[in-house]
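A.B. asks: sequence? don't have it. structure:
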């Protein structure tokens, strides 16, 4: 029985169940997929594809394999609905389990807790008093859609005279899946009075829970060892972090490390099978690397496990399902610095498997995202430059690797533009990695193109040569696209990342200006037709570009962008750790007020010369919607041309198909008006 997520988690029966079928290796809904979405475009053409092909959410995401390797679960996006489905790996029909219309509730994640039952994280925007929040809830449901349980029920506050019930804000923080149990998990839940989390053993069928670790002041995260004992705590106070650990018996706790800056940071990743071996991410010659640390020795000696001489290494530990042994890392970046996620494996047998997968799926980055309990079947997520993501099912007994699903079936067999790596020198000599995308069939040396400069969000993030819909959409419309990993971006070492601290609108912005001038000098870009487009920090950079270098840009587009730094600091200070984070990122709101005001586009709207498109969701909990409202008001008062679209209920990530379509269509129209038609070769 298909159930829809409603307020109070009521289960609503649905009579029209959805079936699924396999089409060219992709899981497609039998109903509701437009014919245009199943079409392919012949190779070596630059056909103009429908906006929907790029704008829609991926058809399937979050695919996970059951412990016995017999079924998978995935989130399927159909029109405005997202449906959690399960299906036998050798079957043809999918079983709908839960669905949401994405209006109030959205799926956060899904994972098997046993062969028959799934846990599902749900998120939604809310408020606590005057503070806007993102709330999460945790559901347990059988693979056929029955047995739905809300695992965290609200309890009256202890000592509350009113007896009022207050729900924990975050209820889906599973810290240990107890894989040999199948009926319980260890869940981190905050005390509703102190806000500090404890750890509970929760029955996944009934929701009954037993505390196994009491909350402690200033602790915000707990970590268990391979024997499922709570062994590590992370504390934070006024921007100082402390990592503490206990002996295996839990009797004696001691401080392992204290730090403030990234150079001294030591972040625990998890334990090996040996209860005295802790894996950590820490600095190695100016780059983040992975070490194992001996806790039974007073000087905490480290053994280097994974490092790169030029790029940071980070990610989550990968374990062998049968033994629990740590076999490698699900890295957040490849060893060539492209920024694509992949599996970095140091155990010989597993490394050989990864190499075989890479040989079969060449010129892509491949992640092992799931493995059966007997280690025979496994799931691979594969994507790459010009290759939208695909899921594959592997079988170690037969050595088969078979396609399961395409995330963008309308693009999967289309000739896509892909990206070219470029190195740009900033005005102070700093080398910047960048990615250039030209429209299909457009060769180097042709006439200059209108250019879209596309700075990434974060700003402690990075662009890579992996497939992304924004870049391919813009290239499909005839624009050259330039993405720059400006200083402050992640992945290039401590010094490079730290160079962006408290430098919003300054050298970070200069790097983008230098990239435009490079593209013009190379004959890539038409100097009179350049638009800067971005989201979040990228939206801020777009607005700041019009303020700081109005001569460079014909227009700007900001989705969910920052416009007023003093106001953003005040907003972020309402959250745990917010004051210390804003001090480090932006500076002191009072002491640095002149610099902050001089780099806030909403306070400098009179300098803008070019048209602006602003888009923002009303339920954004990362950058408040007032940032775009205030920018629109400032532009209106200054008499500047702009268009403002506020998406009712929209979030920071364009999580609804309707909002994505609205944004992509508005972007296409705006760029067409401002940059004009693209000349043929």
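C.D. replies: That came through fine. Note that the structure is a prediction, hence the values are computed from the model and not measured.
A.B. asks: pLDDT on stretch 368-385, on average?
C.D. replies: With pLDDT averaged residue by residue, stretch 368-385 scores 94.
A.B. asks: meant to ask about stretch 578-597, not that
C.D. replies: The average of the pLDDT scores along stretch 578-597 is 88.
A.B. asks: Quote the end-to-end distance of it.
C.D. replies: Across stretch 578-597, the straight-line distance between its terminal residues is 20 Å, by C-alpha to C-alpha, to the nearest Å.
A.B. asks: likewise stretch 393-400?
C.D. replies: Span of stretch 393-400 from end to end, C-alpha to C-alpha: 8 Å.
A.B. asks: measure residue 121 to residue 181 for me?
C.D. replies: Residue 121 sits at a distance of 19 Å from residue 181 (criterion: C-beta to C-beta, to the nearest Å). To be clear about C-beta, it is placed using only N, CA and C from the backbone, and glycine gets the same treatment.
A.B. asks: Mind splitting the protein into its structural domains?
C.D. replies: In the domain annotation for the chain, the residue ranges read 1-9+59-155+163-206, 216-313, 420-564+600-675 (automatic domain parsing).
A.B. asks: Could you check the longest helix along the chain and say which residues are buried?
C.D. replies: Ranked by residue count, the top helix of the chain under DSSP state H comes out as helix 657-675. Residues of helix 657-675 classed as buried: 657-664, 666-668, 670-671, 674-675 (neighbour count, 16 or more other C-beta atoms under 10 Å).
A.B. asks: can you check stretch 475-488 too?
C.D. replies: When burial is assessed from 16+ other C-beta under 10 Å, stretch 475-488 yields the following buried residues: 475-488.
A.B. asks: Next, the distance between the ends of it.
C.D. replies: Using C-alpha to C-alpha, the end-to-end distance of stretch 475-488 comes out at 26 Å.
A.B. asks: Could you look up the SS state of residue 540?
C.D. replies: At residue 540, secondary structure determined by DSSP: H, G, I helix; E, B strand; the rest coil is helix.
A.B. asks: Helix, strand or coil: sort out the residue nearest to it when sequence neighbours are not counted for me.
C.D. replies: Excluding its sequence neighbours, the residue lying closest to residue 540 (C-beta to C-beta, 6 or more residues apart in numbering) is residue 562, at 4.0 Å. Under the three-state scheme (three-state DSSP), the conformation of residue 562 reads as coil.
A.B. asks: picking that back up, let me see the mean pLDDT of the longest helix of the chain.
C.D. replies: Model confidence over helix 657-675, given as mean pLDDT, is 97.
A.B. asks: And for stretch 618-626?
C.D. replies: Averaged across stretch 618-626, the pLDDT comes to 95.
A.B. asks: Stretch 120-136 now?
C.D. replies: Mean pLDDT, stretch 120-136: 91.
A.B. asks: Run through the residues that contact residue 133.
C.D. replies: With C-beta atoms under 8 Å, 6 or more residues apart in numbering as the criterion, the residues that contact residue 133 are 125-127, 169, 621.
A.B. asks: switch the cut-off to 7 Å
C.D. replies: 126-127, 169, 621 (C-beta atoms under 7 Å, 6 or more residues apart in numbering).
A.B. asks: and what of residue 270?
C.D. replies: Residue 270 touches 223, 279, 317, counting by C-beta under 7 Å, 6+ apart.
A.B. asks: For the last one, the count of nearby residues, please.
C.D. replies: Spelled out, it's residue 317. Residue 317 is flanked by 15 other residues according to other C-beta atoms under 10 Å.
A.B. asks: Equivalent analysis for residue 127, please.
C.D. replies: Applying other C-beta under 10 Å, we find 10 residues neighbouring residue 127.
A.B. asks: Give the buried residues for the host helix or strand of it.
C.D. replies: In this structure, residue 127 is located in strand 117-128 according to DSSP states H and E. Residues 117-125 are the ones in strand 117-128 that count as buried (16+ other C-beta under 10 Å).
A.B. asks: what distance separates that strand from the centre of its chain?
C.D. replies: In terms of C-alpha atoms, centre = their mean, to the nearest Å, the centre of strand 117-128 is set 17 Å apart from its chain centre.
A.B. asks: Next secondary structure after it?
C.D. replies: Using DSSP H and E, the helix or strand that directly follows strand 117-128 along the chain is strand 131-142.
A.B. asks: Which parts of the stretch 201-350 of the chain are strands?
C.D. replies: Read by DSSP state E, counting those that start in this stretch, the stretch 201-350 of the chain holds these strands, from start to end of the chain: 209-213, 219-224, 230-237, 240-246, 253-259, 266-271, 277-284, 287-294, 302-306, 315-319, 326-331, 342-345.
A.B. asks: try the stretch 51-200 of the chain
C.D. replies: 60-65, 71-78, 81-88, 95-100, 106-112, 117-128, 131-142, 149-150, 173-176, 184-190, 197-203.
A.B. asks: among those strands, which is nearest residue 391?
C.D. replies: When the strands of the stretch 51-200 of the chain are ranked by distance to residue 391, counting by C-beta to C-beta, first place goes to strand 60-65 at 5.0 Å.
A.B. asks: Run through the neighbouring helices and strands of the closest one.
C.D. replies: strand 71-78, strand 106-112, strand 377-384 (3 or more C-beta pairs under 7 Å, 6 or more residues apart in numbering; DSSP states H and E).
A.B. asks: Residue 633 belongs to a helix, doesn't it?
C.D. replies: Yes: remark: residue 633 belongs to a helix, assigned using three-state DSSP.
A.B. asks: wait, residue 136 sits on residue 167?
C.D. replies: No: with the criterion set as C-beta atoms under 7 Å, residue 136 and residue 167 do not qualify as a contacting pair; they are 10.4 Å apart.
A.B. asks: Now do the strands in the stretch 401-550 of the chain.
C.D. replies: Listed in chain order, the strands of the stretch 401-550 of the chain (DSSP E, counting those that start in this stretch) span residues 420-425, 431-437, 449-453, 480-484, 525-535.
A.B. asks: Show me the one of those that comes nearest residue 638.
C.D. replies: Judged by C-beta to C-beta, the one of those that comes nearest to residue 638 is strand 525-535, at 18.8 Å.
A.B. asks: So for that closest one, what gets flagged as buried?
C.D. replies: For strand 525-535, using 16+ other C-beta under 10 Å, the buried residues are 525-526, 529-535.
A.B. asks: Among those, list the two that are farthest apart in space.
C.D. replies: Taking C-beta to C-beta as the measure, the buried residues of strand 525-535 reach their widest spread between 526 and 535, a distance of 24.1 Å.
A.B. asks: picking up where we left off before, when residue 136 and residue 167 are compared, which one has more neighbours?
C.D. replies: Summary of the neighbour comparison: residue 136 and residue 167, criterion other C-beta under 10 Å, with residue 136 having more neighbours (18 against 14).
A.B. asks: Could you list the residues in contact with the longest helix of the chain?
C.D. replies: If you take C-beta under 7 Å, 6+ apart as the criterion, helix 657-675 is touched by 51-52, 54-57, 77, 79-80, 450, 473, 477, 479, 529, 531, 554-555, 557, 559, 611, 613, 615, 617, 645, 647, 650, 654.
A.B. asks: now swap in stretch 241-258 and tell me
C.D. replies: Contacting residues not belonging to stretch 241-258 are listed as 229, 231-235, 240, 259, 266, 268, 275, 295, 300 [C-beta under 7 Å, 6+ apart].
A.B. asks: So which of those residues wins on neighbours?
C.D. replies: Ranked by the number of neighbours (other C-beta under 10 Å), those place residue 231 first, at 25 neighbours.
A.B. asks: what's the burial count for the residue lying closest to residue 259 once chain neighbours are set aside?
C.D. replies: In space, and not counting its chain neighbours, residue 259 is closest to residue 265: 5.0 Å by C-beta to C-beta, 6+ apart. For residue 265, the count of nearby residues is 17 (other C-beta under 10 Å).
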